[in-house]
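Undergrad: here's a sequence, model it:
(4 chains)
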Number of protein chains: 2
Amino acid sequence: MKSTGVTIADVAREAGVSPMTVSRALREPERVSAKALKQITAVVDRLGYQPDPYAQALAAGRTNVIAVIIPSVTNNVFADVMRGIYAIFEGTRWQVQLGNSRYSADLEEALTRTFLRQRPAGMIVTGIDQTAVTRQLLADAPCRLVQIMELGDTPIDMMVGFSHREAAQDATRHLLDRGYKRPGFIAARIDPRTQRRRLGFEDVARQSGVYDPNRIITTLEPSTVTLGGRLMAQMLEQSPDTDSVLCNNDDLALGALFECQRRGMTVPDRVGICGFNDLEMMAAAYPTVTSVKSYREEMGRQASTMLLQTLNDDEPTTPIVDLGFDIITRESTTRTFDDK
Amino acid sequence: MKSTGVTIADVAREAGVSPMTVSRALREPERVSAKALKQITAVVDRLGYQPDPYAQALAAGRTNVIAVIIPSVTNNVFADVMRGIYAIFEGTRWQVQLGNSRYSADLEEALTRTFLRQRPAGMIVTGIDQTAVTRQLLADAPCRLVQIMELGDTPIDMMVGFSHREAAQDATRHLLDRGYKRPGFIAARIDPRTQRRRLGFEDVARQSGVYDPNRIITTLEPSTVTLGGRLMAQMLEQSPDTDSVLCNNDDLALGALFECQRRGMTVPDRVGICGFNDLEMMAAAYPTVTSVKSYREEMGRQASTMLLQTLNDDEPTTPIVDLGFDIITRESTTRTFDDK
DNA sequence: CTGTTAGCGCCTTCAA
DNA sequence: TTGAAGGCGCTAACAG
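TA: Residues are numbered from 1 along each chain as shown, chains lettered A, B, ... in the order given. I've put the predicted structure just below:
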């Protein structure tokens, strides 16, 4: 079975040059005479020649594949990151290939193997908690790599992210600064970043003398809005005096918000809610909730830009980029029709 | 640059057979003697041999790529579909490759070309509104194809979806059945499916004599929760007596819900809200809103299953599968602390 | 059941 | 600036 049928040899014949010249004309046009180039370009257009990526990969020993591994395709957070990545590679000669590790280190290892076998031109992977084997595979890989989402002291190569622990610290401080005295923490889908956020919460809660393990509720279930409601309900039942919650993400925060409304508890007066990521919907929520803004699309863009630089034999100015975060508070108008 | 370094020739040498036998052992183990198979398997494991996918593609003239084209990577709807697709192809020898057409028919055409050049083993594309050129490309493609999301009379090959127009008709009828008299329709990101939903709304509104163009608000902007709030506000200003809205999707519906709360309008008493897709969050929303449930993950699974059947030289029982939809109403408890 | 032969389409290397 | 030779790693097609 042929590909499109038209090969580099066809073009060469029609253009009256050797296949090699066509190959060059396509990849290094400046190393081909203007005359031949023009000739070849015309024939390529006329015949609709398209290089076979597999033959290219086989012959050249390298590819135009940018392998990206993320833990979830349904999570908005990674969808935003991917948007940033696609934005940068769009229109370039590089092809983004997505792998979904489904929050499993083992699956990630298998995926890494699969990808590496394709000799990608570059890789983007999520987080810093790869298995030792995966880390080794990546370190030995004959391509450049960016770890995204988090920061750490031992980057495999390059890194773009922010400190989830610090972000959670700041968010907790923010709650305390706003006058809340008994903050809680709810989290689902315990991945490494969730853990670090919990640590950040605990850091500040302890420092401030408001730490209470009964106000920390976590579960391994995947995050959903519904689950946010359930966890909030559980919180209010086991620690009824909880006056605020830091939620591990915005889905949980939204669920918590709905649960408060269901119970007729005013937000943010009776209960303050702080989410994480500041997804678009948080800006529209009413009553208003706070959230920790992460720069996800920018993270994808930054990582891709750095990778692109290395692909052009250019080093990025810094191998580690901290994108930071922001606590976003919105006008906290209480509902005018308050409950008793 | 070598791939892993170890090739089929290395395995063959170590196992004392010809490369061809190794190749066979890997792809059609039953056509190789038990002894040779065992021998080869051992060597493969010991050397960590991994076939080079590019060499395979080049030599065999076909690939293990399943090309998928969707219009958005950030839209939850497609994330769910993708989850279904990944679920089916996970663990098989097929590799899913995702393309993002960003709601552009031109980009879709370019993407189709790019994918086709890779001789995919199968394709999944979104919708039925491809350009004539794209349709032709797909029709001529040397692989099987499933169109998803919608149904139509002229499938290119196979099809899995549901009727958006009928769904919107039913949803509108549902609002009227619940006693609402002045339903509106809001939509953003006018894609073909959105158009069909609007038609469905208009069908029933006209039939029932409640059609009013001032209660139809659409915009080309992408859907967001914030935008849902804005459109709802606009609706209530230009047609203050609107008593219900069919929203083109759940993001808009959520925004509309928040806007109603901001204005102190009770849902569903003063205003009924119906979304589209029934995303997970809709189950948790309070006050409750109705939504048209679409079977997105199932759609991905069904499409993939059908494709898989054809890849195994098996025809699916039907080339066109209607997955239908459901109107999901939740216990519509009004808030007990009502406003004036 | 196994091996031989001959490419797949392109690119690297080297020589002209 | 151009071309010839050779091979990337694998697999069809055919013999044996």
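
Undergrad: show me the shaky parts of chain A.
TA: Within chain A, the segments meeting pLDDT under 70 span A:1-4, A:331-340.

Undergrad: near DNA strand C, which residues of it?
TA: A:2-3, A:7-9, A:19-20, A:23, A:26-27, A:49, A:51-52, A:55-56, A:58-61 (Cβ under 7 Å from any atom of the strand). For glycine as for every other residue, the C-beta is placed from the backbone atoms N, C-alpha and C.

Undergrad: among the residues you listed, which ones are buried?
TA: Neighbour-count burial (16 or more other Cβ atoms under 10 Å in any protein chain shown) applied to those gives A:3, A:7-8, A:23, A:26, A:49, A:51-52, A:55-56, A:58.

Undergrad: can you give me the helices in the stretch 151-300 of chain A?
TA: In the stretch 151-300 of chain A, the helices defined using DSSP state H, counting those that start in this stretch lie at A:164-177, A:192-207, A:225-238, A:250-262, A:280-284, A:296-311.

Undergrad: and stretch A:259-275, which residues are buried?
TA: Counting neighbours by 16+ other Cβ under 10 Å, stretch A:259-275 gives A:259-262, A:266-268, A:271-275 as buried.

Undergrad: so which of the residues you listed reach chain B?
TA: Residues of the buried residues of stretch A:259-275 in contact with chain B (Cβ under 8 Å from any Cβ of the partner chain): A:259, A:261-262.

Undergrad: if we can go back for a sec, of all the buried residues of stretch A:259-275, which two lie farthest apart?
TA: A:262 and A:274 (19.3 Å; Cβ to Cβ).

Undergrad: follow-up on the earlier one: distance to residue B:86 added to the ones next to chain B among the buried residues of stretch A:259-275, as a markdown table?
TA: A markdown table is the format used below for those (distance: Cβ to Cβ, whole Å):
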| residue | distance to residue B:86 |
| --- | --- |
| A:259 | 31 |
| A:261 | 35 |
| A:262 | 34 |
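
Undergrad: which among the residues you listed gets closest to DNA strand C?
TA: residue A:259 (58.4 Å; Cβ to the nearest atom of the strand).

Undergrad: how near is that closest one to residue A:227?
TA: 11 Å (Cβ to Cβ, to the nearest Å).

Undergrad: same deal with residue A:256?
TA: 10 Å.

Undergrad: so for those two, which residue has more residues nearby?
TA: Higher neighbour count among residue A:256 and residue A:227: residue A:256, with 31 against 21, using other Cβ atoms under 10 Å in any protein chain shown.

Undergrad: chain neighbours aside, what residue packs nearest to the more buried one?
TA: Closest residue to residue A:256 apart from its sequence neighbours, by Cβ to Cβ, 6 or more residues apart in numbering or on different chains: residue A:232 at 3.9 Å.

Undergrad: residues near that neighbour, how many?
TA: 29.

Undergrad: wait, residue A:230 touches residue A:256, no?
TA: No - Residue A:230 is beyond contact range of residue A:256, at 9.7 Å (criterion: Cβ atoms under 8 Å).

Undergrad: pull the distance from stretch A:9-26 to the chain's centre.
TA: Mean-position distance between stretch A:9-26 and its chain equals 42 Å (Cα atoms, centre = their mean, to the nearest Å).

Undergrad: again, but for stretch A:66-82
TA: On Cα atoms, centre = their mean, the centre of stretch A:66-82 falls 5 Å from the chain's centre.

Undergrad: check stretch A:270-283 too.
TA: The chain centroid and the centroid of stretch A:270-283 are separated by 19 Å under Cα atoms, centre = their mean.

Undergrad: kindly check the end-to-end length of it for me.
TA: Chord length of stretch A:270-283, first to last residue, is 20 Å (Cα to Cα, to the nearest Å).

Undergrad: okay, and residue A:149 sits in which element?
TA: strand A:144-150 (DSSP states H and E).

Undergrad: elements contacting the host helix or strand of residue A:135?
TA: Using DSSP H and E, residue A:135 sits in helix A:132-140. Other helices and strands packing on helix A:132-140, by 3 or more Cβ pairs under 8 Å, 6 or more residues apart in numbering or on different chains; DSSP states H and E, are helix A:105-117.

Undergrad: adjacent strands (with direction) for the helix or strand just after the helix it packs on?
TA: Sequence-wise, the next helix or strand downstream of helix A:105-117 (DSSP H and E) is strand A:122-126. Using DSSP bridges, the strands paired with strand A:122-126 are strand A:65-70 (parallel), strand A:144-150 (parallel).

Undergrad: neighbouring contacts of the first one?
TA: Read it as strand A:65-70. A:78, A:81-82, A:85, A:89, A:94-101, A:108, A:111-112, A:115, A:118-126, A:304, A:307 (Cβ atoms under 8 Å, 6 or more residues apart in numbering or on different chains).

Undergrad: likewise the last one?
TA: Taking Cβ under 8 Å, 6+ apart as the criterion, the residues outside strand A:144-150 that touch it are A:81, A:122-128, A:138, A:155-164, A:192-193, A:196, A:299-300, A:303, A:306-307, A:310-311.

Undergrad: quick check: angle from that strand to helix A:192-207?
TA: Counting by axes from the mean of the first three to the mean of the last three Cα atoms, to 10 degrees, strand A:144-150 points 40 degrees away from the direction of helix A:192-207.

Undergrad: may I have strand A:144-150 as CSV, with CA atoms only?
TA: What follows is strand A:144-150, C-alpha atoms only, in CSV (Å, rounded to 0.1, in the frame of the first residue of the first chain):
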residue,chain,number,x,y,z
ARG,A,144,15.2,17.5,25.8
LEU,A,145,12.5,17.5,28.5
VAL,A,146,10.4,19.9,30.4
GLN,A,147,8.7,19.0,33.7
ILE,A,148,5.6,21.1,34.2
MET,A,149,3.1,22.0,37.0
GLU,A,150,5.5,21.9,39.9
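
Undergrad: show me how to select, in PyMOL, the buried members of the contacts of strand A:65-70.
TA: Those of the contacts of strand A:65-70 that count as buried under 16+ other Cβ under 10 Å are selected in PyMOL with:
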select buried, chain A and resi 78+81+82+85+89+94+95+96+97+98+99+100+101+108+111+112+115+118+119+120+121+122+123+124+125+126+304+307
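
Undergrad: ok, back up a step: quick check, nearest of the ones next to chain B among the buried residues of stretch A:259-275 to DNA strand D?
TA: For these, the nearest to DNA strand D is residue A:259 (55.1 Å; Cβ to the nearest atom of the strand).

Undergrad: list the buried residues of stretch A:171-187.
TA: A:171-176, A:180, A:182-187.

Undergrad: check whether that stretch contacts chain B.
TA: No - using Cβ under 8 Å from any Cβ, stretch A:171-187 never reaches chain B; the gap is at least 14.0 Å.

Undergrad: and DNA strand D, which of the residues of chain A next to DNA strand C contact it?
TA: Among these, DNA strand D is touched by A:20, A:58-59, A:61 when using Cβ under 7 Å from any atom of the strand.
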